[in-house]
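K.L.:
Sequence first, predicted model second:
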Amino acid sequence: MSEIKINQSNFEAEVLNSDKPVLIDFWADWCGPCKMQGPIFEQASDEIQDVKFGKVNVDENPDLARKYGVMSIPNLVLFEKGQVKKQEVGVHDIDAIYDLLGK
């Protein structure tokens, strides 16, 4: 499964109303660590089929970042049944993403 671009207009449908857990990568174009996280996040989205993977650009969606307390990026937020279950800041390798997802 590939990553979905998440924004204010599709957040409710794609994340809050999702029947699958959703892992969101809050990121920005100018963020060096985010550029390191990107390919790892993409790899996880290709390998893990029972989780939806989405990316939120914090510059384009500051209200979403503020709502979920994103102060530093990259910031991975796991949603289950519309609720935040876990939130972690920093670059995560593939094993850490599997751990975050309980896999």
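P.N.:
Happy to help now that I have it.
K.L.:
make it CA atoms for all contacts and neighbour counts henceforth
P.N.:
Fine.
K.L.:
how far away is the residue lying closest to residue 21 once chain neighbours are set aside from residue 36?
P.N.:
Nearest residue to residue 21 in three dimensions, chain neighbours excluded: residue 80, at 4.6 Å (CA to CA, 6 or more residues apart in numbering). For residue 80, the distance to residue 36 equals 26 Å [CA to CA, to the nearest Å].
K.L.:
So which of those two has more stuff around it?
P.N.:
Neighbours were counted for residue 80 and for residue 36 using other CA atoms under 10 Å; residue 80 has more, 18 against 14.
K.L.:
Confirm for me that the more buried one is in contact with residue 17.
P.N.:
No. Between residue 80 and residue 17 there is no contact under CA atoms under 8 Å: 9.4 Å.
K.L.:
so what's the residue most central in space within the chain up against?
P.N.:
The chain has residue 24 as the residue nearest its centroid, 1.4 Å off, counting by CA atoms, centre = their mean. Residue 24 makes contacts with 53-56, 75-79, as judged by CA atoms under 8 Å, 6 or more residues apart in numbering.
K.L.:
re the thing from before, what sits against the residue nearest to residue 21?
P.N.:
20-22.
K.L.:
thinking again about what came up before, figure out the helix or strand that the residue nearest to the centre of the chain lives in.
P.N.:
Using DSSP states H and E, the element containing residue 24 is strand 22-27.
K.L.:
and the angle from the helix or strand just after that strand to strand 22-27?
P.N.:
On the C-terminal side of strand 22-27, the nearest following helix or strand under DSSP H and E is helix 32-47. Orientation of helix 32-47 against strand 22-27 (axes from the mean of the first three to the mean of the last three CA atoms, to 10 degrees) gives an angle of 160 degrees.
K.L.:
any idea of the mean pLDDT for helix 32-47?
P.N.:
Helix 32-47 shows a mean pLDDT of 97.
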